[in-house]
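**Q** I'll drop the sequence and a predicted model, then ask my questions.
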Amino acid sequence: MAKKNVLVDIDLNQNELQNGVIQNLASDPASGSKEGRFWMNTTTHKPMYYDGTENQEFGRVYTEGSGIDITSDVISIDNSVTGATKCKITYNNQGLVTSGANLEASDIPNLTLSKITDVTATATEVNVLDGITASTAELNIMDGVTVTASDINSVTSKIGLTDLSIDSGSTNYLGYDNTTGKFSAKVDTTVTASSTNLVTSGAVESAIASAVTGGMVYKGVWTATGQTDYSSITLPVKAGYMYLVSGSATIGGIEWNTDDYLVINADVPAGGTITDVKKIDNTEGSDIVRLNATQTLTNKTIDADDNTISDLTVSNLKSGVLQTTVRGTSSASDTSIPSEKAVATAISGMAKKITANNTALTASSGVCTWSITNSLATADVTVQIFEISTGAQVMTEVITGASTITVKINSSSNIAANTYKAVIIG
């Protein structure tokens, strides 16, 4: 019997696992691994582990010196400046520790700022610049500051962006005007691929109009009734302008009807003449087959193999298709159908037979006379008489008539009923 492989914990009993490599993964596994699992992320080239809640990177290594002091879980950065005063920023596992609730200018004495870059501030954090002053040459200190739209009021009150004005003649997107004493937003008058410049509303409108050139743009209703040309359409127009037609007219051989669409096929400036148009025909023809509507179809071919024709009656057939008589061979047709009555009548006129058993017959002068009603209504018949008990044919004298057939049987005694059967074929 094959043995099952059972995975169990391996105890190395304090022996070394030499030349081993931990599991290599191109990306961290989804959270939910077993606590203590570890691996090497071959994309970031960092060893990782799962702490029971989320994936973590093995601890970073800091080296003391150059102003970095590591004591337990506290990292201190000591930056000496001119004089005896020092600026000290301490970070521990609870966050940034300063001398006050917020980092203010008084926390960084004798610090000259020329630029603060890559600053992201929320509405409650934009006051971190309180107490900072800068000369005109140092007004570049806001380079890289990101503030959400909801924070604009706070920013304005702090850095003086009141009465922001637009100067479309410069490629700089933010600067200070010494003459007006205001910050001015510098914008582009064309839409480019820049993700940092502002753009005028006119440039945006122009770019949109250019982007949709040749596209279908709905421009409203055009009344065709009474028109002999397209001069009632307001100029200028662009290729792709589309109008819903109301009323009817024929212009230049094009028939316009309500619910059609007129499409401009070429730009026409003010003062020009519209001649190049296209029609989207949205008018139903008179012979369109409509659902649940009473209609007469003309020149249509219906494939009986792919369709079901129900409620077909004699009255639906074309005149001459249904015949009320079965015609002779010389006048018969393969394009007509005889009615049931016509077929029955024709069959009734064909050769038939009737049979009859004799009634009780009385002998007279050595002869028994049997009268049979002839329902074939013709004397041109053949009559045969058989003895019922034996089936033998009996020689008799037969007199045929259109209404009565008379059979005379030689017999000196009476003949009982149902002794003989007559077969008459006509």
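**A** Sure, I can see it.

**Q** Give me the distance between the two termini of stretch 366-378.
**A** One end of stretch 366-378 sits 30 Å from the other (C-alpha to C-alpha, to the nearest Å).

**Q** same question for it, mean pLDDT?
**A** On average, the pLDDT along stretch 366-378 is 92.

**Q** What lies in contact with that stretch?
**A** 352, 354, 356, 358-359, 361-362, 381, 400-412, 414-415, 420, 422, 424, 426 (C-beta atoms under 8 Å, 6 or more residues apart in numbering). Yep, even glycine has a C-beta here, placed from its N, CA and C like the rest.

**Q** Please repeat the previous calculation with a cut-off of 6 Å.
**A** If you take C-beta atoms under 6 Å, 6 or more residues apart in numbering as the criterion, stretch 366-378 is touched by 352, 354, 356, 358, 361, 402-409, 411-412, 415, 422, 426.

**Q** Separate out the buried members of those.
**A** Buried members of the contacts of stretch 366-378, scored by 16 or more other C-beta atoms under 10 Å, are Ile354, Ala356, Asn358, Leu361, Ile405, Val407, Ile409, Ile415, Ala422, Gly426.

**Q** Enumerate the beta-bridge partners assigned to the fourth one.
**A** Note on Leu361: beta-bridge partners Ile415, judged by DSSP bridges.

**Q** same question, the fifth one
**A** In this structure, Ile405 has the following beta-bridge partners (DSSP bridges): Ile372.

**Q** if I look at it, how far off is Ile347?
**A** 22 Å (C-beta to C-beta, to the nearest Å).

**Q** min pLDDT across the buried ones among the contacts of stretch 366-378, which one?
**A** Note: of the buried ones among the contacts of stretch 366-378, the lowest pLDDT belongs to Gly426, at 77.

**Q** quick one: contacts for it?
**A** Leu376, Thr378, Val381.

**Q** at 7 Å what do you get?
**A** Ala351, Lys352, Leu376, Thr378, Asp380, Val381 (C-beta atoms under 7 Å, 6 or more residues apart in numbering).

**Q** For ChimeraX, write a command that selects the buried ones of the residues you listed.
**A** Selection of buried members from the contacts of Gly426 for ChimeraX, criterion 16+ other C-beta under 10 Å:
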select :376,381
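
**Q** Which single one of the contacts of Gly426 is nearest to Glu340?
**A** Using C-beta to C-beta, Lys352 is the member of the contacts of Gly426 that lies nearest Glu340, at 18.8 Å.

**Q** Now do that closest one against Lys408, distance only.
**A** In terms of C-beta to C-beta, Lys352 sits 24 Å off from Lys408.

**Q** Ramachandran coordinates for Ala422?
**A** Phi and psi for Ala422, reported as degrees, to the nearest 10, are phi -100, psi 130.

**Q** Could you give the bridge partners of it?
**A** Counting by DSSP bridges, Ala422 forms beta bridges with Ala356, Ile385.

**Q** wait, doesn't it sit right on Val407?
**A** Yes: Ala422 is within contact range of Val407, at 6.4 Å (criterion: C-beta atoms under 7 Å).

**Q** Mind listing the shared neighbours of those two?
**A** Common neighbours of Ala422 and Val407 (C-beta under 7 Å, 6+ apart) are Ile372, Ile385.

**Q** What residues does Met362 make contact with?
**A** One thing to correct before we go on: residue 362 is Thr, not Met. Taking C-beta under 7 Å, 6+ apart, one finds Cys368, Asn414 in contact with Thr362.

**Q** Could I get the pLDDT score of it?
**A** Per-residue pLDDT puts Thr362 at 96.

**Q** From Pro29, how far off is it?
**A** Applying C-beta to C-beta to Thr362 and Pro29 gives a distance of 121 Å.

**Q** domain ranges for the protein?
**A** Following automatic domain parsing, one gets these domains for the chain: 24-57, 165-202, 212-280, 353-425.

**Q** quick revisit: could you redo the contacts of Gly426 as JSON lines and give each row distance to Leu17 and secondary structure?
**A** Output for the contacts of Gly426, formatted as JSON lines (distance: C-beta to C-beta, whole Å; DSSP: H, G, I helix; E, B strand; the rest coil):
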{"residue": "Ala351", "distance to Leu17": "114", "secondary structure": "coil"}
{"residue": "Lys352", "distance to Leu17": "113", "secondary structure": "coil"}
{"residue": "Leu376", "distance to Leu17": "119", "secondary structure": "coil"}
{"residue": "Thr378", "distance to Leu17": "122", "secondary structure": "coil"}
{"residue": "Asp380", "distance to Leu17": "123", "secondary structure": "coil"}
{"residue": "Val381", "distance to Leu17": "122", "secondary structure": "coil"}
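
**Q** Which pair of the contacts of Gly426 spans the longest distance?
**A** Largest separation among the contacts of Gly426 by C-beta to C-beta: Lys352 and Asp380, giving 11.8 Å.

**Q** what about Thr369, how many residues close to it?
**A** 14 (other C-beta atoms under 10 Å).

**Q** Buried residues in the strand or helix carrying it, which are they?
**A** Taking DSSP states H and E as the criterion, Thr369 maps to strand 367-373. Neighbour-count burial for strand 367-373 flags Cys368, Trp370, Ile372 (criterion: 16+ other C-beta under 10 Å).
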